[in-house]
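J.: here is a sequence with its predicted model. Questions after.
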Amino acid sequence: MKHIRTTVCFLAVLICDSALAAVHYVPDEYATIQAAVNACKDFDTVIVAPGRYSGSGNRNITFNGKSITVRSIDPGDPQIVNSTVIDCEGKGRGFAFYMGENVDSTVAGLAVTNGYALLGGAIYCYNNSSPSITNCVIITNSAVFGGAIASTNSKSHPNITNCTITTNSALVGGGGIYCNGGSPKIKNCIISGNFAPDGGAIYSHNAGNPLIVNCTIAANTASSSAAGIYCYKSSNLTINNSILWGNTATNASEVLVGNLDAPTSIRISHCDIQSPDENVIRDSDCTIDWGQGNIDADPHFTTTGYLTDTESYTGGDYHLLKESPCIDAGDPAFVTAPDETDIDGDPRISGAKIDIGADEYEAPIRATVKVTPKTLNLASNGKWINCTIQLPDNYDVADIDTATIALNENIEPQWCSIDEEVKKLLVKFNRSEIQNMLKDAENPLLLSISGALNYGTDFEGTDTIRITPMGGKK
């Protein structure tokens, strides 16, 4: 009975604390992020308005052991995240966690850039600290170890979720993430365009049981070994449902499993890894447990990032195209957490099975498309080809980004207008452009109209027309 009363009292305290939680606004109420954090009690939230935050109080931010959240006004909106920037100006890092913070200590929906430190150019977790880092963009930071994030100490287990980690660099190891001890969980992240001599994306040693799941690790570079993942000295890593592709190093471009004073084992399952026979290398006495579902096939990204001749990085778009072999190719036994999403905030499973990588492919909305005239005379001097686009009932044509509309992927409209009464988008294409494209086409011809809504969801629809060629019927 005593235990029941104690539990009830504890829950009552938690409920009371949560009900009294406060929200602190930067810069409306506090000039700096640190000042707002200092004013917080457990379960409070700091909301940072869009803007660029630099100088003392906006770098080397510490939570002081508090279970609080520091976030943008909308961590799920990429435009908000990219415009809510902590600029460290090369004079320190964004955040340091060292007072035993746990998963309730959260950084969400912020961009951190221009950080510089010995460990963790943007974020450093140590001394038994395990915060949650979610929906963040960590870009162009540098360190000796862990250009973007460093985690040290055997009891530091940060949760790094739905983050984009790109163009960071390390002088020694871990251009993206450095792990020495602990068991970080890296989930639904894109790690691309990072550099280090060893471990261009991730460098892990002396670790407990780190987990990399549902990640895309691409176009990272290392001047020595493992542009993807450098793993050694009893760093027992698990990699699941992830893509490692297009990473470049002198040795073991994708993964190196090394033996430095202690053998290392890793487990890889349901991953797409480029040329694993050449690019995944293990030292003697080390073990790679190749589980089920691994493939070696071009993932068909929308675009792939690359290094230019001047060694600068041109970013890629790591969404999967519809022909990607990674779609529905993930672990059939994978169980998503409640409300879990992919890197874009879309449902983590949208098809028969989870997709491999950070992006869950979302099939385009099927639009109803009507093209007129139904028979196109190539000898005609008419000016326009007309089209109407109608979306399913739960979508609004007013949300269509007209700049994305294309006919057969390459002809752009000349005019667009919404017919509010019938909820259709009216579109006009230049007739001569289409006639030039169709002069050698066969009858009947399928025309495709595609585009995207303002929040990124694609749509497509088709209609069939007939063609009357110049000089006769067809």
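T.: Arrived safely. Numbering: from 1, shown residues only.

J.: all contacts plus neighbour counts: C-alpha atoms, from now on.
T.: Fine.

J.: can you give me the strands for the stretch 301-450 of the chain?
T.: In the stretch 301-450 of the chain, the strands defined using DSSP state E, counting those that start in this stretch lie at 301-303, 306-307, 313-314, 317-320, 365-366, 368-372, 375-377, 384-390, 400-407, 415-419, 424-430, 445-453.

J.: what pairs with the residue lying closest to residue 295 once chain neighbours are set aside across the strands?
T.: Closest residue in space to residue 295, ignoring its immediate chain neighbours: residue 272 at 4.8 Å, by Cα to Cα, 6 or more residues apart in numbering. Bridge pairing for residue 272 (DSSP bridges) gives the partners residue 243, residue 295.

J.: residue 272 touches residue 239, doesn't it?
T.: No: Residue 272 is beyond contact range of residue 239, at 10.7 Å (criterion: Cα atoms under 8 Å).

J.: of the two, which one has the most company?
T.: Each of residue 272 and residue 239 has its neighbours counted (other Cα atoms under 10 Å); residue 272 has more, 28 against 20.

J.: contacting residues around that one?
T.: If you count contacts by Cα atoms under 8 Å, 6 or more residues apart in numbering, residue 272 has them with 241, 242, 243, 244, 245, 294, 295, 296, 297, 299, 326, 356.

J.: in three-state terms, label residue 81 for me.
T.: At residue 81 the chain is in helix, as set by DSSP: H, G, I helix; E, B strand; the rest coil.

J.: next, format the strands of the stretch 301-450 of the chain as a markdown table and append mean neighbour count and mean pLDDT.
T.: Conversion of the strands of the stretch 301-450 of the chain to a markdown table gives the following (neighbours: other Cα atoms under 10 Å; pLDDT from 0 to 100):
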| stretch | mean neighbour count | mean pLDDT |
| --- | --- | --- |
| strand 301-303 | 14 | 92 |
| strand 306-307 | 17 | 78 |
| strand 313-314 | 16 | 84 |
| strand 317-320 | 19 | 94 |
| strand 365-366 | 16 | 92 |
| strand 368-372 | 19 | 94 |
| strand 375-377 | 17 | 82 |
| strand 384-390 | 20 | 93 |
| strand 400-407 | 18 | 94 |
| strand 415-419 | 14 | 93 |
| strand 424-430 | 19 | 94 |
| strand 445-453 | 19 | 91 |
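
J.: isn't residue 21 up against residue 39?
T.: No: using Cα under 8 Å, residue 21 is not in contact with residue 39, being 11.8 Å away.

J.: between these two, which is the more surrounded one?
T.: For residue 21 versus residue 39, neighbours defined as other Cα under 10 Å are more numerous around residue 21 (16 against 12).

J.: picking up where we left off before, the strands of the stretch 301-450 of the chain: which one's closest to residue 467?
T.: Nearest to residue 467 among the strands of the stretch 301-450 of the chain is strand 375-377 (4.8 Å), distances taken as Cα to Cα.

J.: centre of the chain versus that closest one, how much separation?
T.: 45 Å (Cα atoms, centre = their mean, to the nearest Å).

J.: now do it: which elements does it pack against?
T.: Strand 375-377 is packed against strand 458-468, with contacts defined by 3 or more Cα pairs under 8 Å, 6 or more residues apart in numbering; DSSP states H and E.

J.: and the strand it packs on, what does it pack against?
T.: Judged by 3+ Cα pairs under 8 Å, 6+ apart, the packing partners of strand 458-468 are strand 365-366, strand 368-372, strand 375-377, strand 445-453.

J.: could these go into JSON lines alongside distance to residue 335?
T.: Formatted as JSON lines, the helices and strands packed on strand 458-468 follow (distance: least, Cα to Cα, whole Å):
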{"stretch": "strand 365-366", "distance to residue 335": "26"}
{"stretch": "strand 368-372", "distance to residue 335": "35"}
{"stretch": "strand 375-377", "distance to residue 335": "51"}
{"stretch": "strand 445-453", "distance to residue 335": "30"}
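
J.: of the ones you listed, which approaches residue 216 most closely?
T.: strand 445-453 (23.3 Å).

J.: that older thread, so which of the helices and strands packed on strand 458-468 gets nearest residue 221?
T.: Comparing the helices and strands packed on strand 458-468 by Cα to Cα, strand 445-453 comes nearest, at 32.8 Å.

J.: taking strand 368-372 as reference, get the angle to that closest one.
T.: Relative orientation of strand 445-453 and strand 368-372, computed by axes from the mean of the first three to the mean of the last three Cα atoms, to 10 degrees: 130 degrees.

J.: tell me which strands strand 445-453 pairs with, and in which orientation.
T.: In the sheet, strand 445-453 lines up with strand 400-407 (antiparallel), strand 458-468 (antiparallel) (DSSP bridges).

J.: pull the residues that contact that strand.
T.: 369, 399-402, 404-409, 458-467.

J.: residue 53 is nearest to which of the helices and strands packed on strand 458-468?
T.: Comparison of the helices and strands packed on strand 458-468 against residue 53 by Cα to Cα identifies strand 445-453 as nearest, at 31.2 Å.

J.: low-confidence regions, the chain specifically.
T.: For the chain, the stretches with pLDDT under 70 are 1-19, 309-311, 469-474.

J.: where do the domain boundaries of it fall?
T.: 25-320, 365-468 (automatic domain parsing).

J.: and those domains, which is most packed in?
T.: Ranked by mean neighbour count under mean count of other Cα atoms under 10 Å, these are led by domain 25-320, which reaches a mean of 23.

J.: that domain: how far from the chain's middle?
T.: Here domain 25-320 is found 12 Å from its chain centre; the criterion is Cα atoms, centre = their mean.

J.: before we move on, back to that, of all the strands paired with strand 445-453, which one is nearest residue 154?
T.: Closest approach to residue 154 among those (Cα to Cα): strand 458-468, 44.2 Å.

J.: with just CA atoms, put that closest one into CSV.
T.: This file holds the C-alpha atoms of strand 458-468, laid out as CSV (Å, rounded to 0.1, in the frame of the first residue of the first chain):
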residue,chain,number,x,y,z
ASP,A,458,3.8,15.6,-55.6
PHE,A,459,0.9,15.1,-57.9
GLU,A,460,0.5,13.6,-61.4
GLY,A,461,-2.2,12.9,-63.9
THR,A,462,-2.5,11.8,-67.5
ASP,A,463,-4.8,12.2,-70.5
THR,A,464,-4.9,10.8,-74.0
ILE,A,465,-5.1,12.8,-77.2
ARG,A,466,-4.8,12.0,-80.9
ILE,A,467,-2.5,13.6,-83.4
THR,A,468,-3.2,14.7,-87.0
